[in-house]
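Colleague: sequence-free structure coming up:
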């Protein structure tokens, strides 16, 4: 039995070795070295020695197998023809359309033919991510999986993440086996849809929406059948996520366990063979309805084994199945079928949560015996799942829900009743939709308070904790402690659970007490607005916000990834709405601001910035309009001097401690045009021989560049015009966020986000 454990772990370890540094080339060495080390320690135990050597071989095979199964563009993949501003693509729709945050419809398409600009068509293959505005969809027609569509739009290659914490669109598509996207503006249905499981999903979903309304019907569909079977409002999704209830909206082990329990209770009078057949039929139907998602497949495999154990006849005795063995076998089977799931965060969290329930509920329950039986069990389940997923959450997402325990306890009665009754209603809706709608209507008396409760708890202060950067090494060490506490008796006796929790806390929190870099200046990669973040010894300054979309997609992910919850100084260089209309969105997200400085024009406000400024003033944040020559001093010794206003130009004086004993100045030119630059040339405060210059990429006068003598140029944009030649000819470094992603300058080095990814 132990051999099976080691071989299963070796398979998973071999797959993961491919994601280590240089793992695509040399990752096979790690399982081999581990096997040789284990064999050396077990050299006097032949049986164990053979197990280690076999495990090493399995790990190497797994490493190679993942490389063989990793998707790459085929010679005729449609991505090889991208980008094209106007492409006509014919293909088969494979998924139900869903709504994006921006209100567009998204779906997946299997490409078949591509029409070139010369109107010649060629056969292509590949999976394409398609988005389209609802207004451009066919009138009085629906898009159904299986249809053959003719789409006209812009064919593009996905971009990788450009900023720390940003969404890696390229990686997301690659994990789905796709390498191109299409932003469509015309669609024509060439052939009708073929039958599939989507027909049942849509039949059930329509019945629930008819009986409960759009919002509540989609919520119940998501709770019972998972997110793939619903098009749930993003605000509700965010509220559930913020308080640690994302699992409620994703079909997984919780729903599968309830389904098996309910079905067995209904058929308990039948023979074991009939019980088993009915449960397995129900599991198969449920798996099909949910869209074959990884959590459901994992739970279904576990459910099949549990069903055989629970329905074994008395004459044959019940099967004695090791739950951990079943979980490991389920993982190995799924990772043989689709090995790329080993790097899927949802798949990883699903297995860790299940492992936590298997090994953590009983010991936690014993320490909660002073609570009422039902309450103690609920708390133990919630804590076990949260503990075992926490390190991975912090490493991958940099965040955790602070109120997860309270939220799970308060909402548990609603979730259980709605899930159990929802199964029955969905089954009836599948056969008789009008009757399903009628029976679903009373559930609004549970769904309404559930939505209100979740929204209320999500509004509590500090509902989400942003931990900053947690490395993969910290994550591995935490799981090492968990494994020792669970499977090593000596550890439990000596270190105990109290010491283990303290050790995990130390692993996660210790880096926060290490000395920070004395100074770090980061130019974020944004589309239109030059945004700069200055960090110095736990002090943070943000120059410009961008628009609300920039806040959501760039600024907030960066701040949260850095663990920043408060800004010491917020500075505006221009009152243009596209540059500074996002401050209200930033404050709404819970980021505090201690002081707000306006160098963009004071009373001459444009629409978007005026609304943002109202949000600042409504929160009574200290606000001041900067004047020429005014200085801002920070606790860490930084000094900012206003050289020009509207638009604001700043001189940033670095403290001596940040620059090896010699104070130097940066020039933060921002969006200043040549006319402003001419005025600056006559300013006695204009620095010379500076270490760095930051601007938006517009034209800079040659005389100003020569006067400044900047050693490094940071450009928040791409329009470098003639300045590139000056930097190249003088042998000075020039970095553009448009091509390199976010750029971070420290007195020791300059790091680009693209270089970190590589």
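Modeller: Everything's here; your move. Please read these numbers as outputs of a predicted model, since none were measured by experiment.

Colleague: in stretch 51-64, what counts as buried?
Modeller: By neighbour count with 16 or more other Cβ atoms under 10 Å, stretch 51-64 contains the buried residues 51-60, 62-63. The way it works is simple: take the backbone N, C-alpha and C, and place the C-beta from them, glycine included.

Colleague: Sort out which of those are in strands and list them.
Modeller: For the buried residues of stretch 51-64, not one is inside strands, with DSSP state E as the criterion.

Colleague: So which of those residues are in helices?
Modeller: Here DSSP state H is the test, and the buried residues of stretch 51-64 give 51-60, 62-63 as lying in helices.

Colleague: would you list those in TSV and tack on pLDDT?
Modeller: Listed next are these as TSV, based on pLDDT from 0 to 100:
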residue	pLDDT
51	84
52	86
53	87
54	90
55	88
56	89
57	91
58	91
59	91
60	92
62	93
63	93
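
Colleague: quick one: which of these is nearest to residue 665?
Modeller: Proximity of those to residue 665 was ranked by Cβ to Cβ; the top entry is residue 63 with 51.7 Å.

Colleague: Okay, and the nearest residue to residue 136 once chain neighbours are set aside sits in which element?
Modeller: Here the nearest residue to residue 136 in space, its sequence neighbours aside, is residue 185; by Cβ to Cβ, 6 or more residues apart in numbering that works out to 5.3 Å. Under DSSP states H and E, the secondary-structure element containing residue 185 is strand 178-191.

Colleague: The helix or strand following that strand: which residues count as buried?
Modeller: Proceeding C-terminally, strand 178-191 gives way to helix 197-212 as the next helix or strand, assigned by DSSP H and E. Buried residues in helix 197-212, counting neighbours by 16+ other Cβ under 10 Å, are found at 197-198, 200-202, 204-212.

Colleague: List the contacts of helix 197-212.
Modeller: The list of residues contacting helix 197-212 from outside it, by Cβ atoms under 8 Å, 6 or more residues apart in numbering, reads 96, 144-146, 217-218, 220-221, 225, 228-230, 288-289, 291, 425-426, 429-430, 433-434, 436-441, 443-444, 447.

Colleague: quick one: which of the residues you listed sit in helices?
Modeller: Checked against DSSP H, the contacts of helix 197-212 include these in helices: 217-218, 220-221, 225, 288-289, 425-426, 429-430, 433-434, 436-440, 444, 447.

Colleague: In the stretch 301-450 of the chain, what residue spans correspond to helices?
Modeller: Read by DSSP state H, counting those that start in this stretch, the stretch 301-450 of the chain holds these helices, from start to end of the chain: 323-337, 345-366, 373-396, 404-431, 433-440, 444-458.

Colleague: what's the second one packed up against?
Modeller: When you say that, I think you mean helix 345-366. Helix 345-366 sits against helix 253-266, helix 294-310, helix 323-337, helix 373-396, with contacts defined as 3 or more Cβ pairs under 8 Å, 6 or more residues apart in numbering; DSSP states H and E.

Colleague: Residue 560: neighbouring residues, count only.
Modeller: Other residues within reach of residue 560, judged by other Cβ atoms under 10 Å, total 23.
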